[in-house]
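Student: Give me a model of this one.
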Amino acid sequence: GDGAAAAEVRFADDHVRVGARAIAFAEVVRQAYLARVQLWSEGFYATPGLHWDASTLTGHPFYYFAYGAAVSEVIIDTLTGEWRLLRADLLHDAGDSINPAIDRGQVEGGFIQGMGWLTTEELWWNADGRLLTHAPSTYKIPAAHDCPADFRVRLYPNPNRADTILRSKAVGEPPLLLAFSVWFALRDAVAAVGDGRTNPPLRAP
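Tutor: As a prediction, the model looks like this:
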């Protein structure tokens, strides 16, 4: 605020020094916050080597792909529709995982979230076309009791071919799709009660 040139400002020993004046770094941050001055810079990362031609549907739109497989065992009451997931076996490709405990947790969470999306989340709109089921307060989300008693999750040891951090792969949304195994298991269980050839019209979500 006193018109000093940027070259005169020094950051050292938890202080900001401008010429002979020294202010504690925490105090500078406090003053900047109160004055609504942004203290960080922003940038945008452009993943290298990506290209896509929408007219010919050719190119390389993604840096890498993640793979997974899942098998689910369910039990269902065909009179009431009540069901339980008894067991789930998941195998997911996290590349060369940096932290297997975190990645396994992400796979488990994504799977259970996806299970709720496919089985208990129902989309409802009002007469004006406004979505009414827009948050967990307006539809049933899975809880701890909905997790299978037998829940087996493994990470597939597959170092990423792409040059990522330690050849790992991000583990966020992809495991959600493993929950289709629950949806298909429920569909097959209902179909098995009849002649086994007719698949019930279960919408997803």
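Student: which SS state does F151 fall under?
Tutor: strand (DSSP: H, G, I helix; E, B strand; the rest coil).
Student: Let me know the secondary structure of the closest residue to it other than its chain neighbours.
Tutor: Leaving out its chain neighbours, the residue that sits closest to F151 by CB to CB, 6 or more residues apart in numbering is A88, at 5.6 Å. Quick note: C-beta positions are derived from backbone N, CA and C, even for glycine. Following three-state DSSP, the label given to A88 is strand.
Student: quick one: A88 and R154 touch, right?
Tutor: No. Contact criterion CB atoms under 8 Å: A88 and R154 do not qualify, at 11.7 Å.
Student: Between the two, point out the one with more neighbours.
Tutor: It is A88, of A88 and R154, that has more neighbours when counted by other CB atoms under 10 Å, with 26 against 12.
Student: Now do the same contact list for the more buried one.
Tutor: 70-73, 111, 148, 150-152, 181-182 (CB atoms under 8 Å, 6 or more residues apart in numbering).
Student: now H60
Tutor: Residues near H60 by CB under 8 Å, 6+ apart: 49-52.
Student: ok, now I112?
Tutor: I112 touches 142, 146-147, 179, counting by CB under 8 Å, 6+ apart.
Student: host element of it?
Tutor: Secondary structure assigned from DSSP states H and E places I112 in helix 100-119.
Student: distance between that helix and the chain's centre?
Tutor: 8 Å (CA atoms, centre = their mean, to the nearest Å).
Student: Restricting to C-alpha, output that helix in CSV.
Tutor: Below are the C-alpha coordinates for helix 100-119, written out as CSV (Å, rounded to 0.1, in the frame of the first residue of the first chain):
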residue,chain,number,x,y,z
PRO,A,100,-3.6,-48.4,-2.0
ALA,A,101,-5.6,-47.7,1.2
ILE,A,102,-7.0,-44.4,-0.2
ASP,A,103,-7.6,-45.9,-3.7
ARG,A,104,-9.5,-48.9,-2.2
GLY,A,105,-11.6,-46.5,-0.2
GLN,A,106,-12.4,-44.6,-3.3
VAL,A,107,-13.4,-47.8,-5.1
GLU,A,108,-15.6,-48.9,-2.3
GLY,A,109,-17.2,-45.4,-2.0
GLY,A,110,-17.7,-45.1,-5.7
PHE,A,111,-19.3,-48.5,-5.9
ILE,A,112,-21.8,-47.9,-3.1
GLN,A,113,-22.6,-44.4,-4.6
GLY,A,114,-23.3,-46.0,-7.9
MET,A,115,-25.4,-48.7,-6.3
GLY,A,116,-27.6,-46.0,-4.8
TRP,A,117,-27.7,-44.1,-8.2
LEU,A,118,-29.0,-47.3,-9.9
THR,A,119,-31.4,-48.6,-7.3
